[in-house]
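>>> Sequence first, predicted model second:
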Amino acid sequence: MRRKLVVGNWKMNGSLDQNRLLLEALVRHLDEVKQVDIAVCLPYPYLFQAQAILAASDIAWGAQNVATHEGGAYTGEVSAAMLKEFGSTYVIVGHSERNGAYCESDADVASKFAIAKQHGITPIFCVGETLQERESGVMEYAIANQLDAILSVSGGALLDQTVIAYEPVWAIGTNKTATPEQVRAAHSFIRERIAALHPGAAESVRILYGGSVNPRNASQLLSMPDVDGGLIGRCALDADDFERICRAACKA
Ligand SMILES: O=C(CO)COP(=O)(O)O
């Protein structure tokens, strides 16, 4: 039985003052929510602050990206070892906002995934189709390609105990949530694809849905078969909304 996981992706939002209020509110609101795992992935400069405020709680924290290299002359990059020093449990890799704007390749994402695992950080690997791919009927092909990039570099065994987020690009930040049936179909496709290569990993990997999840649609989306939680953008920036989504996940 997989435990549900709800992760807030704060993206490039926050300030020391805003974060303190939000993190302290999350600690208070979520103190008694024990049935699901909860985490926030915030911008690098605030990992230290998250560590200070969340360490005594059950809420985990992590980053939104990681370097493909261990260290050295890579201006502007942040290594997995550095994330680990600040207590990061998770790191998001392959988010579509990075693939598009920063030209991250499948090979880059596969390296990030592998290096995070080597440092004991759980990668949250994002996959998902564009609207054009869905409308032209190649959605499964697109997702399979993204998955295979990881499977070919890391092998199925590395997927054990990791997290995949299905985030249809057209549903991110748009209020166009995928329907429960679309979510179910995509999640079951992802699990079957992994099972074909590595049945053990397919059972343990948690598959989250991300894309315009809010307190009103969370119960239905998160209770679909093969959905093991959510990756939440905008609604993770509001303590009440995030709490309601976490509570919905408990009942899902
Ligand atoms: O990109 C997302 C999470 O990684 C989803 O963002 P929204 O929940 O704001 O649509």
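Here it is on my side, so go on.
>>> Chain neighbours aside, what residue packs nearest to Leu42?
Spatial nearest neighbour of Leu42, excluding adjacent residues (CB to CB, 6 or more residues apart in numbering): Trp10 at 4.5 Å. In short, each C-beta sits where N, CA and C put it, glycine included.
>>> what's the one you found sitting at in phi/psi?
Backbone torsions of Trp10, given as degrees, to the nearest 10, read phi -80, psi -10.
>>> didn't it look like it was pressed against Pro45?
No: at 11.8 Å, Trp10 does not count as touching Pro45 under the criterion of CB atoms under 8 Å.
>>> And the residue of the chain positioned farthest from its centre, how far from the ligand?
For the chain, the largest distance from the centre (CA atoms, centre = their mean) belongs to Ala73, which lies 28.2 Å off. Per CB to the nearest ligand atom, to the nearest Å, Ala73 is found 30 Å from the ligand.
>>> re earlier: which one of Trp10 and Pro45 has more residues nearby?
Taking other CB atoms under 10 Å, Trp10 and Pro45 do not tie; Trp10 has more neighbours (22 against 12).
>>> In which helix or strand does Ile190 reside?
Per DSSP states H and E, Ile190 falls inside helix 180-197.
>>> quick one: the strand or helix carrying Trp61 near the ligand?
If you go by DSSP H and E, Trp61 is part of strand 60-63. No: Strand 60-63 does not reach the ligand (CB under 6 Å from any ligand atom); its nearest approach is 12.3 Å.
>>> isn't there a strand covering Val7?
Yes: assessed by DSSP: H, G, I helix; E, B strand; the rest coil, Val7 belongs to a strand.
>>> Mind listing the residues bridging to it?
Ala39, Leu231 (DSSP bridges).
>>> my read: it touches Ile59, true?
No: taking contacts as CB under 8 Å, Val7 lies outside contact range of Ile59: 10.3 Å.
>>> who touches both of the two?
38-40 (CB atoms under 8 Å, 6 or more residues apart in numbering).
>>> Tell me the one of these nearest Asn217?
Distances from Asn217 to these, taken as CB to CB, are shortest for Ile38 (18.5 Å).
>>> That closest one: neighbouring residues, count only.
Other residues near Ile38 number 25, with proximity taken as other CB under 10 Å.
>>> Go ahead and list the helix or strand containing the nearest residue to Lys251 once chain neighbours are set aside.
In this structure, Lys251 finds its nearest non-sequential neighbour in Ser219, 6.6 Å apart by CB to CB, 6+ apart. Under the criterion of DSSP H and E, Ser219 resides in helix 218-222.
>>> What lies in contact with that helix?
For helix 218-222, contacts defined as CB under 8 Å, 6+ apart pick out 4, 177-178, 180, 183, 209, 213, 227, 229-230, 244-245, 248-249, 251-252.
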